[in-house]
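A.B. asks: When you get a sec, could you give me coordinates for this:
(one chain, ligands or ions: 2)
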Amino acid sequence: MPVPLRPRCASTLCSVMRPLVDGFGRVHRDLRISVTDRCNFRCGYCMPAEGLEWVPRDDLLTFEEIERVARLLVERHGVESIRLTGGEPTVRANLPHLVGMLAGLPADLALTTNGSTLRLLARRLADAGLRRINVSLDSLRTDRFAELTLRDELPKVLDGIDAAIEVGFDPVKVNVVVMRGVNDDEIVDFARFGRERGVVVRFIEFMPLDADEAWNVRSVVSQEEIVAAIGAVFPLEAIERTSAPATRFRYTDGGGEVGVVASVTRKFCDSCDRIRLTADGQFRNCLFAVDEFDVKAALRSGAVDDELSAVFEAAVTAKWAGHGIGQVNFIRPSRSMSQIGG
Ligand code: SAM
Ligand code: SF4
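C.D. replies: Ligands and ions are numbered 1, 2, ... in the order given. Predicted coordinates:
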């Protein structure tokens, strides 16, 4: 008879907790759900100008399917945080309805978006129960923004960030992918932007997931370089490391904080607790995973909860120690970030 671990909910679904522990002892508590592979932007590192071959609508998980998977992962497998992403999650119709379905689960719920429709959606998302939001923005310059995204929509994104602040999302974070020779001259501008608007800017090292294969090791601007550039203007001190992937720093003058996600130069695979569900219902144990586990097929063939749990557990058991970006044996995933879910 199994020994009951941390009983957590009263539902008959989950009388016994079954944490998702891999072969390296890592316990998986952070779930990324991609709700669509489509996007209204065309960031060169993520999607080609002509777009990609979109997943047919019937192959997208329905909201009910997403909710069932999320509920089981939270209630039976101990997942504690859920982030909705994409593609661009706000292009999926009725996103606030899905937020409402997930907001009642005992897990922290967040959204990553390009921000372009937030002025229209922020209030509805907040009313549905969303509390935390990350907006991706790689340039504060109108022309460069248009070049990077192939959309002339910087004012909309800035207005979307203001809308997110106004409805009270806390925190509002701004994610900046730093690319050498592309936008690394804006690091200090972004730091200033974060301080002035009261948002947490998180700089992300460029990863080899780009659609146009522009990535190479030299295109990565390291955490060390980013922190040195900011610190020369706004002195920083490190905040004690938490389990979050971002290394956090505070401004010594009390001007807030800034983070760096050093996925390439200080990879955090040793403490990785992330699992992912793609928009077409594939379960992934790593952003860079080569194999996927078919949750959609299980759902649509009438699987009971134990059978779904078996898919999650097989995926987590198969998780590798970590990615090998920059090493000769590194294999680029066959899907881009927009298809996997960032
Ligand atoms: N469309 C939404 C957005 O842009 O925030 C959500 C999906 S997007 C794929 C999620 C995050 O992945 C964004 O912050 C984006 O900048 C980041 N991303 C995409 N490709 C990347 C790459 N090659 N390296 C680092 N970050 C990347
Ligand atoms: Fe769209 Fe986000 Fe990819 Fe840019 S990074 S193309 S906004 S999914």
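
A.B. asks: which residue ranges form the helices in this protein?
C.D. replies: 63-75, 95-103, 118-128, 142-149, 154-166, 187-197, 223-231, 295-300, 305-317, 337-340 (DSSP state H).

A.B. asks: tell me what the second one is packed against?
C.D. replies: Put plainly, it is helix 95-103. Secondary-structure packing of helix 95-103 (3 or more CB pairs under 8 Å, 6 or more residues apart in numbering; DSSP states H and E): helix 63-75, strand 81-85, strand 108-113, helix 118-128. In short, each C-beta sits where N, CA and C put it, glycine included.

A.B. asks: ok now that helix, how far from the chain's centre?
C.D. replies: 17 Å (CA atoms, centre = their mean, to the nearest Å).

A.B. asks: quick one: is it near ligand 1?
C.D. replies: No: contact of helix 95-103 with ligand 1 (CB under 6 Å from any ligand atom) is absent, the minimum separation being 12.1 Å.

A.B. asks: one step back: mind checking which of the helices of the chain is nearest ligand 2?
C.D. replies: helix 337-340 (4.0 Å; CB to the nearest ligand atom).

A.B. asks: contacts for that closest one?
C.D. replies: The contact list for helix 337-340, computed with CB atoms under 8 Å, 6 or more residues apart in numbering, reads 34, 37, 39, 45-47, 52, 86-87, 207, 209-211, 276, 278-279, 284, 287, 333.

A.B. asks: tally of neighbours for residue 94?
C.D. replies: 10 (other CB atoms under 10 Å).

A.B. asks: no wait, residue 193
C.D. replies: Neighbourhood size, residue 193 [other CB under 10 Å]: 18.

A.B. asks: hang on, isn't it packed against residue 139?
C.D. replies: No: using CB atoms under 8 Å, residue 193 is not in contact with residue 139; the gap is 10.9 Å.

A.B. asks: Run through the stretch 151-300 of the chain and note the low-pLDDT ranges.
C.D. replies: Counting by pLDDT under 70, the stretch 151-300 of the chain has low-confidence residues at 210-213, 241-244.

A.B. asks: what does it have sitting close to ligand 1?
C.D. replies: 175, 177, 204, 206-207, 209-210.

A.B. asks: Now neighbour count and distance to ligand 2 too, for the residues you listed, in JSON lines please.
C.D. replies: Below are those laid out as JSON lines (neighbours: other CB atoms under 10 Å; distance: CB to the nearest ligand atom, whole Å):
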{"residue": "175", "neighbour count": "21", "distance to ligand 2": "9"}
{"residue": "177", "neighbour count": "24", "distance to ligand 2": "8"}
{"residue": "204", "neighbour count": "22", "distance to ligand 2": "11"}
{"residue": "206", "neighbour count": "23", "distance to ligand 2": "12"}
{"residue": "207", "neighbour count": "20", "distance to ligand 2": "12"}
{"residue": "209", "neighbour count": "21", "distance to ligand 2": "10"}
{"residue": "210", "neighbour count": "21", "distance to ligand 2": "10"}
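
A.B. asks: Distance to residue 106 for those residues - can I get that in TSV?
C.D. replies: Listed next are those as TSV, based on distance: CB to CB, whole Å:
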residue	distance to residue 106
175	26
177	32
204	29
206	35
207	31
209	32
210	36
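
A.B. asks: before we move on, back to that, tabulate the helices and strands packed on helix 95-103 (a markdown table), appending distance to residue 246.
C.D. replies: Listed next are those as a markdown table, based on distance: least, CB to CB, whole Å:
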| stretch | distance to residue 246 |
| --- | --- |
| helix 63-75 | 23 |
| strand 81-85 | 13 |
| strand 108-113 | 13 |
| helix 118-128 | 22 |
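
A.B. asks: With mean pLDDT, mean neighbour count and distance to residue 295 as added columns, please give the ones you listed in TSV.
C.D. replies: TSV is the format used below for those (pLDDT from 0 to 100; neighbours: other CB atoms under 10 Å; distance: least, CB to CB, whole Å):
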stretch	mean pLDDT	mean neighbour count	distance to residue 295
helix 63-75	98	20	6
strand 81-85	98	22	15
strand 108-113	98	21	20
helix 118-128	98	19	24
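
A.B. asks: Of all those, which one is nearest residue 18?
C.D. replies: helix 63-75 (9.9 Å; CB to CB).

A.B. asks: Could you pull out the strands in the stretch 201-342 of the chain for me?
C.D. replies: 236-238, 246-251, 257-261, 274-277, 282-284, 293-294 (DSSP state E, counting those that start in this stretch).

A.B. asks: picking that back up, highest average neighbour count across the helices of the chain?
C.D. replies: Among these, helix 337-340 has the highest mean neighbour count (mean count of other CB atoms under 10 Å), at a mean of 25.
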